[in-house]
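S.K.: Sequence first, then the predicted structure:
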Amino acid sequence: MGESVNPNVARLLGVTVVPQLSNAHEIAKLIERYNTPELRLTGVCGTVIVSADIDANGRVSQAKAIRAMSTSDMGIHGVFVDPSDESSVMQSMAPDPDPRVRAAAEAVVRELRFQPAELDGTAVPFWDLRIGLNFPF
């Protein structure tokens, strides 16, 4: 059984139990499987954030890599104002993942299985679950 959420949070999320990862022990193996020699040659390492939709059976119905942070980029993301130019707001966003890294992260997440979200004891779909994967390329 999944973890119950605070009633106030439940109203925001639309569920009383959030999805729980069933095969967490397999994540490292999945990342290793999709960490192809081509990806290792890129020298990229860091975290890829994937947005996943989980159906009422606990399967991933959609996975989309939405952000990547390399270890060298950590800590520099945010909004900055240039004090010399009052009209200037510079925004530093995490880069889009490399297409090869995006595909690998999405493939890993599609293989994950969850105990589904619940609403008052009934399994329900859950949208936009954010999953961070560390890729040691």
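M.R.: Thanks, I have the structure now.

S.K.: Buried residues of the helix or strand that V108 is a member of, list them for me.
M.R.: Assessed by DSSP states H and E, V108 sits inside helix 99-110. Within helix 99-110, the residues scored as buried using 16 or more other Cβ atoms under 10 Å are 101-102, 104-106, 108-109. For the C-beta atoms, the positions are set from N, CA and C on the backbone; glycine is no exception.

S.K.: ok, those vs Q20, which is closest?
M.R.: V109 (15.0 Å; Cβ to Cβ).

S.K.: in this structure, what spans have low per-residue confidence?
M.R.: 1-12, 43-44, 70-97, 137 (pLDDT under 70).

S.K.: That one: strands as residue ranges?
M.R.: Secondary structure of the chain (DSSP state E): strands at 20-21, 45-54, 60-70, 78-81, 89-92, 114-115, 117-119, 122-124, 126-136.

S.K.: right, so of those strands, which gets closest to L30?
M.R.: strand 126-136 (8.9 Å).

S.K.: if we can go back for a sec, let me have the strands of the chain in JSON lines, adding mean neighbour count and distance to T36 as columns.
M.R.: Supplementary listing: the strands of the chain in JSON lines, determined by neighbours: other Cβ atoms under 10 Å; distance: least, Cβ to Cβ, whole Å:
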{"stretch": "strand 20-21", "mean neighbour count": "16", "distance to T36": "24"}
{"stretch": "strand 45-54", "mean neighbour count": "20", "distance to T36": "14"}
{"stretch": "strand 60-70", "mean neighbour count": "18", "distance to T36": "16"}
{"stretch": "strand 78-81", "mean neighbour count": "10", "distance to T36": "33"}
{"stretch": "strand 89-92", "mean neighbour count": "10", "distance to T36": "30"}
{"stretch": "strand 114-115", "mean neighbour count": "20", "distance to T36": "26"}
{"stretch": "strand 117-119", "mean neighbour count": "21", "distance to T36": "33"}
{"stretch": "strand 122-124", "mean neighbour count": "16", "distance to T36": "35"}
{"stretch": "strand 126-136", "mean neighbour count": "16", "distance to T36": "11"}
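
S.K.: No further questions, thank you.
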